[in-house]
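# can't give you the sequence, but here's the structure:
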């Protein structure tokens, strides 16, 4: 048996209000569910990014622990048609890049940025031509 398609990614956030504002402006996604401790955005066909207040996360990862804020433990990638254009849009929103845009040896152009909780997102698109 194989695992099915990824349908949701839940990210734990310390400041739900800041995260809601960030994801609404950066991703422009439609809110599909919301309550006082979480907000779920449509992030593409059949995919949801769920923002969950970190103090509500323990039961989801038990018997493990919710990691403290700090270093990156995951990279979430979003496919885009034009990495440079998306970077320009992020700059207009005041979102700093962690790296890029840059052509990678494995044949894609990438750039990375972080949300207010430190989760790192990567834009990935075709290499520049010309």
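Looks like it came in fine. It should be emphasised that the depicted structure is a prediction, and the values quoted were computed from it without experimental measurement.

# what's the next secondary structure element after the lowest-mean-pLDDT helix or strand in the chain?
Among the helices and strands of the chain, helix 58-61 carries the lowest confidence by mean pLDDT, DSSP states H and E, at a mean of 88. Next along the chain after helix 58-61, taking DSSP states H and E as the criterion, comes strand 75-79.

# remind me, longest helix of this structure?
If you go by DSSP state H, the chain has its longest helix at helix 16-27.

# neighbouring contacts of that helix?
11, 13, 29, 31, 37-39, 41, 43, 49, 51, 53, 90, 93, 95, 113, 115-117 (CB atoms under 8 Å, 6 or more residues apart in numbering). The C-beta positions use only the backbone N, C-alpha and C, and glycine is treated the same way.

# what do you get if the cut-off is 10 Å, keeping everything else the same?
If you take CB atoms under 10 Å, 6 or more residues apart in numbering as the criterion, helix 16-27 is touched by 11-13, 15, 29-31, 34, 36-44, 49, 51-54, 56, 78, 86, 89-90, 92-95, 113-117, 119, 121.
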